[in-house]
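Undergrad: next come a sequence and a model predicted from it.
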Amino acid sequence: MPADAYTRMAHLLRRAAFGARPDEINNYLRQGFEAAVDQLVYYENVPESPNVRAVPSDAGGPINLTTINITQVSDWWLERMIETRRPLQEKMVLFWHDHFATSLEKIENVKYLYWQNQLVRQHATGNLRDLLKGINKDPAMLIWLDSVLNTRRSPNENYARELFELFGLGFENFQRGAYTEPDVQQAARAFTGWFLKQDPGYLPPANPRTNGTVTDQAQLIDLPPATPNNTRSSQNHDYSDKTVFGVTRNLDGDDIVDLMLDREPQRTFAARFIGKKLFEYFAYENPEPHVIDHIVAVAKRTNFDIKAILRDLFLNTKEFYSDRAIRALVKWPAHYVIGASRLLQARPDGNTLITPLRNMGQWLFIPPDVSGWPGGTDWISPGQMFARVNWAQAFVSNLSPTTGVPVDVVLTTAGLNNSATAEQVTDYFTSLLIQAPSSPAIRQSLVDYLKRKDDGALGDFSIEADRANRFRKVRGLIRLLLSRPEFQNW
């Protein structure tokens, strides 16, 4: 474990938030690690920024869900990530979006994706049981994994299979005894008749297809009642006994979640699966067995309370602060652009980030498949790195007083005045963006960049002179640092 408390705190804030400036890191250090972790994890106690819109809106007020488009929802979410004072919440929304990996390409209804985004925000660090039961009946998921096609005469196994493989138990645990093919087949019968009611304007023959007219999803969900009646969902639900994980009775979909999280060995497999995935998101890949065993114990002891698991991870798991963890992960594109924006106190229009993120490999609301984004080094292929560098150039070149990098504000925050040297400016922005000392050679090259004149000769650097030139040199320094390999990791 690094002996330097500042290094550990900076690491915590990169992982559990979107990064923090040196002044913010020092403020957290004065509070201590426990208080810092509690502020991050118990974010509901933190007043949200007034700049965060609770729902997508424009100058005329909340946007009509029947006409809302994917650009408006993406813009709203990206703005939330930039402006929020509850960064762990939004970081977990991104985690769950990848975990459940629902795509507009099949659903073709932005309203449903917006509802799912709000669902995972509501349960971001809540109880896994509640989240999985919410996903069971989420309109986007009902369509995405074909629950709306699942009938007692023709059971569709798609959702039950992914509930086990991708959401709750893990495909890697299949051969270890977490579940069997008959378990999948029987669980599929428990979800028969879980339908959606008609949403006029969305389902065919609407042309062109729209989001539909229903604005309250509670009025859209069509679940079979406990006892049969003449409703469509009831007539398509299998009320006979099913056998899942050795339990035989008239099970419904929510019962399947309870069995996964209550019965052994499924309970342990579920704790291992979600605990490992959370650790790998926040710490490093392929953790040691004893680390996973510890997380499993926490998950089971707290009955799958995600908040408790994360608090223990950030406060009590020494491997989280180990040399193996620090800077071990490649930033997701969203982490890259949101982190840069927050560190540099910029407020780019979320709409302008959608295409660059797509070019970097992360098209929000359109993950590549049901497994989500591959992640890791796949984020930094040559083409995607080129997209990051292009975005960095456009980002720092934006001179808008409302959406660009406010260099004056950043310098004031740093305590750098007109007398600051090229070395001081280089060291501050390195500490802000890289958060680790550069090698002497790299540091000198950055200092020389600030001092170098247009004719190539070295001269003197002056903040005052650079200000008159709209901070061309400081902006160039920022671009170079955002393009450094070190900034791609966190």
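TA: Received the coordinates, thanks. Residues are numbered from 1 along each chain as shown.
Undergrad: identify the residues contacting the residue nearest to the spatial centre of the chain.
TA: Here the mean C-alpha position of the chain is nearest to the C-alpha of residue 94 (Cα atoms, centre = their mean), at a distance of 1.7 Å. Remark: with contacts taken as Cβ atoms under 8 Å, 6 or more residues apart in numbering, residue 94 is in contact with 81, 332, 334-335. (Each C-beta comes from the backbone N, C-alpha and C, glycine too.)
Undergrad: same thing but 7 Å
TA: When the contact criterion is Cβ atoms under 7 Å, 6 or more residues apart in numbering, the partners of residue 94 are residue 334.
Undergrad: how many neighbouring residues does the closest residue to residue 340 other than its chain neighbours have?
TA: Spatial nearest neighbour of residue 340, excluding adjacent residues (Cβ to Cβ, 6 or more residues apart in numbering): residue 482 at 5.8 Å. Other residues within reach of residue 482, judged by other Cβ atoms under 10 Å, total 25.
Undergrad: hmm, residue 482 is touching residue 343, no?
TA: No: with contact taken as Cβ atoms under 7 Å, residue 482 and residue 343 are classed as non-touching, separated by 9.6 Å.
Undergrad: anything in contact with each of those two?
TA: Common contacts of residue 482 and residue 343 (Cβ under 7 Å, 6+ apart): residue 433.
Undergrad: mind listing what's buried along the helix or strand where residue 95 lies?
TA: Applying DSSP states H and E as the criterion places residue 95 in helix 87-100. By neighbour count, and taking 16 or more other Cβ atoms under 10 Å as the criterion, the buried residues in helix 87-100 are 87-100.
Undergrad: repeat for stretch 328-339
TA: If you call a residue buried by 16+ other Cβ under 10 Å, then stretch 328-339 has these buried ones: 329-339.
Undergrad: among those residues, which are located in helices?
TA: Where those overlap with helices, as defined by DSSP state H, the overlap consists of 333-339.
Undergrad: where does the protein have low pLDDT?
TA: When residues are selected by pLDDT under 70, those of the chain lie in 1-3, 203-209.
Undergrad: hmm, 50 instead?
TA: By pLDDT under 50, the low-scoring segments of the chain are 1.
Undergrad: show me the strands in it, by range?
TA: Along the chain, counting by DSSP state E, strands occupy 57-58, 61-62, 195-196, 221-222, 242-244, 247-249.
Undergrad: can you put the ones you listed in TSV and add distance to residue 475 and mean neighbour count?
TA: Putting the strands of the chain into TSV (distance: least, Cβ to Cβ, whole Å; neighbours: other Cβ atoms under 10 Å) gives the following:
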stretch	distance to residue 475	mean neighbour count
strand 57-58	31	10
strand 61-62	37	10
strand 195-196	50	22
strand 221-222	51	18
strand 242-244	59	22
strand 247-249	63	12
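Undergrad: could those strands go into a markdown table alongside distance to residue 446?
TA: Below are those laid out as a markdown table (distance: least, Cβ to Cβ, whole Å):
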| stretch | distance to residue 446 |
| --- | --- |
| strand 57-58 | 42 |
| strand 61-62 | 46 |
| strand 195-196 | 56 |
| strand 221-222 | 56 |
| strand 242-244 | 60 |
| strand 247-249 | 63 |
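Undergrad: of all those, which one comes closest to residue 434?
TA: Closest to residue 434 of the strands of the chain is strand 57-58 (Cβ to Cβ; 36.6 Å).
Undergrad: pull up the distance across stretch 129-144, start to finish.
TA: Between the opening and closing residues of stretch 129-144 there is a gap of 20 Å (Cα to Cα, to the nearest Å).
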